[in-house]
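> 3D model of this:
(4 chains)
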2 protein chains.
Amino acid sequence: MSNGIPKAPNDDYGLVQACRELHSVIDSFDAIIAQKVSISRNDLRCLNLLEKEPLLSKQIAEKLGLTSGSVTALQDRLEKRRLIRRKPHPEDRRAILVELTPTAHAQLGSLYRMMGESIVLLSDNYGKQKAQNAVHILNDLSERFESVIQRVEKNP
Amino acid sequence: MSNGIPKAPNDDYGLVQACRELHSVIDSFDAIIAQKVSISRNDLRCLNLLEKEPLLSKQIAEKLGLTSGSVTALQDRLEKRRLIRRKPHPEDRRAILVELTPTAHAQLGSLYRMMGESIVLLSDNYGKQKAQNAVHILNDLSERFESVIQRVEKNP
DNA sequence: CTCGATAGTCAAGTAACTTTATAATAGAGA
DNA sequence: TCTCTATTATAAAGTTACTTGACTATCGAG
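Below you'll find the model as predicted:
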């Protein structure tokens, strides 16, 4: 198993691999969802981002790793389908806030329901204690990724 | 917070959200990596898949949600860069096994090293017991996604 | 040994992305 | 206040990646 990844002294790499495995599986899952709705992967990812909170075009571009021009086109597609709405930013008249329409919320909900239910079941199996623990672990991992992203962006 | 996702009785949805949050962050991370290597997201995803084991074109197409023709082009690009190798399947002469070159292994390793180290540190902070627990949880989640994928594919 | 099904390739057309240029606004400084 | 530069988003042209449909080679059932 000499795959170029430097091994940690003990088998700490298990967590790394488990993490990337999960990501890969979710990726495949999203590919299927995107196909079902017949939108592109990035369009779906944009909807996922907006599910949490409205964002500026700029922020969407950053998170998706796209150029601003590309995000404009992306928004045009989603707006035409009435999945997002553009509304003016209250303080900056250059900026545009993008938010999901209620329709989009509903559609996304129904698309991810099956997956959601399956994980809720897992959560129930775990019991309250372990479930909370799981959430903490995932959040820790997210934080780690965030901070590495920021470090990587510093060194261009 | 009425976002269309049906709430579970208790706040079990924490795990779902944490999971998708992690996925989203890793996605942004991958977007940056892809940009650094100047290959497309799907090309990078393909490399990630192959890091685990060689795959058939068919399997790559499925996992990435692409058509077979598209995967042929994808492989052409990666092969031109000497990141993958096509080799004949030992038993099925129609099929083609795709594997990473040693170069690709090394490159991927160095690209993900920073992230890997950060997670290994986290793992060390956790201690052996909790780290193993974390791996189990991630694997459980992967399994759930896998099985939902299979269920979804049954109902087209 | 046929014949339908499967794995992959190829060529033409479509969709998504990048690049470059432009317009409108913000915010800093003379 | 009035520039001047930076920021935010859009538009149009060119490039890259993807899909579709036709084709070749091979498999495996009958």
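
> Next, the buried residues of the helix or strand containing A:D43.
Take DSSP states H and E as the rule and A:D43 turns out to sit in helix A:41-52. Residues of helix A:41-52 classed as buried under the neighbour-count rule (16 or more other C-beta atoms under 10 Å in any protein chain shown) are A:R41, A:N42, A:D43, A:L44, A:R45, A:C46, A:L47, A:N48, A:L49, A:L50, A:E51. Backbone N, C-alpha and C define where each C-beta goes, glycine included.

> and the fourth one, what pLDDT?
Among the per-residue scores, A:L44 holds a pLDDT of 95.

> Who are the contact partners of it?
By C-beta atoms under 8 Å, 6 or more residues apart in numbering or on different chains, the residues touching A:L44 are A:D30, A:I33, A:A34, A:V37.

> Just give me the least confident of those residues.
Minimum pLDDT across these falls on A:V37, with 87.

> I'd guessed that residue sits against A:Q107; true?
Yes: using C-beta atoms under 8 Å, A:V37 is in contact with A:Q107, at 7.4 Å.

> hmm, back to that, give me the buried subset of the contacts of A:L44.
Using 16+ other C-beta under 10 Å, the buried ones in the contacts of A:L44 are A:D30, A:I33, A:A34.

> my guess is the second one meets A:S110, correct?
This means A:I33. No: A:I33 is beyond contact range of A:S110, at 10.9 Å (criterion: C-beta under 8 Å).

> Would you mind naming what in chain A lies close to DNA strand C?
Proximity of chain A to DNA strand C (C-beta under 7 Å from any atom of the strand) is limited to residues A:39-40, A:42-43, A:65-70, A:73-74, A:77, A:91-94.

> same for DNA strand D: which of the residues you listed are within range?
Answer for the residues of chain A next to DNA strand C near DNA strand D (C-beta under 7 Å from any atom of the strand): A:S68, A:G69, A:D92, A:R94.

> pLDDT averaged over the lengthiest helix in chain A, what's the number?
Ranked by residue count and defined by DSSP state H, the top helix of chain A is helix A:128-154. Averaged across helix A:128-154, pLDDT comes to 92.

> One more: stretch A:62-71?
The average pLDDT within stretch A:62-71 is 94.

> for DNA strand D, what are the nearby residues on chain A?
Residues of chain A lying near DNA strand D by C-beta under 7 Å from any atom of the strand: A:56-58, A:61, A:68-69, A:71-72, A:75-76, A:86, A:89, A:92, A:94-96.
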